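Trainee: After the sequence you'll find the predicted model.
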Amino acid sequence: MSQDNCILRELNLKDKNIHFTDNEAGEWNYFDYRGRGDKRHKCLIYTANLTYSVSRCSDCGFRDCVEHWGWTSTEMRLTGTSLWDVRLALRKQRFHCKNCGNTFTAASSDFEKNCQISRNTKVIVKQNLNEDMMTEKTVAKHLHISPNSVQRIEYDAIYEGGQYKYQYNFKTTITEAIFHGMSSAQPMISLALFGVMPLQSSNLKYCPID
Ligand SMILES: [Zn+2]
């Protein structure tokens, strides 16, 4: 559906199995508030269903035995073209295998399992930290996610060894990095304390693997 494609582009998503829904007034998004106390703020909310047909059970492998089994709802965090904190109220299709009784939920290429932050948002976090040299706090504010989430994404990137890797130049000692307040040294400092990384690897940056 062309409307879906337009919104997908606007929200920096790609999965064609996400089908957006409008409200009674024919509007595709609306404002609502999220958070408590000082953190209460205005968000731009989209609603959509994630569904597709499944021909084979992922567990037993039998064909034509998978039926729709209701929905489960979750709210995803997005990075779109808007400056608002953009959320996607997503209803995910549940499936049930009549042969083995297995139940499972629709998955999207735009989101990792059990994570509410979109893959593209994670890519932008890494770019902001390592190419734009923004601090964790600034990235968190810029993308409307918590500093803890930014840190978690950074830690995951260190371990994944897939799309990104760390490079070291060993020019600065960890002590100097701490005194000069280098934000890029924060995850390394923590890892060094746990004995995962050498203590002198302070001046580090991301680079894509060819
Ligand atoms: Zn099955």
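Mentor: Thanks, I have the structure now. Numbers count the residues shown, from 1 in each chain.
Trainee: Identify the residues contacting Cys6.
Mentor: Residues near Cys6 by C-beta atoms under 8 Å, 6 or more residues apart in numbering: none. (C-beta placed from N, C-alpha, C; glycine too.)
Trainee: The ion versus that one, what's the distance?
Mentor: As for Cys6, its distance to the ion is 37 Å (criterion: C-beta to the ion, to the nearest Å).
Trainee: now do Thr105
Mentor: 15 Å.
Trainee: so who does the spatially closest residue to that residue that is not a sequence neighbour touch?
Mentor: Once flanking residues are discounted, Thr105 sits nearest to Lys92: 5.1 Å by C-beta to C-beta, 6 or more residues apart in numbering. Taking C-beta under 8 Å, 6+ apart as the criterion, Lys92 is in contact with 49-51, 71-74, 105-106, 108.
Trainee: Using the record's domain definitions, break this structure down for me.
Mentor: Residue ranges for the domains of the chain, per automatic domain parsing: 2-116, 121-208.
Trainee: can you give me the offset of the longest one from its chain's centre?
Mentor: Just to be clear, that refers to domain 2-116. Counting by C-alpha atoms, centre = their mean, to the nearest Å, domain 2-116 is centred 13 Å from the centre of its parent chain.
Trainee: how long is that domain end to end?
Mentor: From the first residue to the last, domain 2-116 extends over 25 Å; the measure is C-alpha to C-alpha, to the nearest Å.
Trainee: pLDDT of that domain, averaged?
Mentor: Model confidence over domain 2-116, given as mean pLDDT, is 92.
Trainee: same deal with stretch 157-169?
Mentor: Mean per-residue pLDDT for stretch 157-169: 57.
Trainee: what's near enough to touch the residue of the chain positioned farthest from its centre?
Mentor: Distance from the C-alpha centroid of the chain peaks at Asn99, with 34.0 Å (C-alpha atoms, centre = their mean). Going by C-beta under 8 Å, 6+ apart, Asn99 touches 57, 60, 62, 65.
Trainee: Can you flag the buried ones in those residues?
Mentor: Neighbour-count burial (16 or more other C-beta atoms under 10 Å) is assigned, among these, to 57, 65.
Trainee: can you tell me which of the contacts of Asn99 are up against the ion?
Mentor: Restricting the contacts of Asn99 to those touching the ion (C-beta under 5 Å from the ion) yields 57, 60.
Trainee: Report the beta-bridge partners for Ile117.
Mentor: Taking DSSP bridges as the rule, Ile117 bridges to Arg77.
Trainee: Show me what from this protein comes close to the ion.
Mentor: Looking at the ion, the residues of the chain close enough under C-beta under 5 Å from the ion are 57, 59-60, 97, 99-100, 102.
Trainee: how about those residues in a markdown table, adding distance to Ile7 and secondary structure?
Mentor: Below are the residues of the chain next to the ion laid out as a markdown table (distance: C-beta to C-beta, whole Å; DSSP: H, G, I helix; E, B strand; the rest coil):
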| residue | distance to Ile7 | secondary structure |
| --- | --- | --- |
| Cys57 | 31 | coil |
| Asp59 | 33 | coil |
| Cys60 | 36 | coil |
| Cys97 | 32 | strand |
| Asn99 | 37 | coil |
| Cys100 | 36 | coil |
| Asn102 | 32 | coil |
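Trainee: could you dump those residues to CSV with distance to His19?
Mentor: CSV is the format used below for the residues of the chain next to the ion (distance: C-beta to C-beta, whole Å):
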residue, distance to His19
Cys57, 23
Asp59, 26
Cys60, 28
Cys97, 23
Asn99, 28
Cys100, 28
Asn102, 24
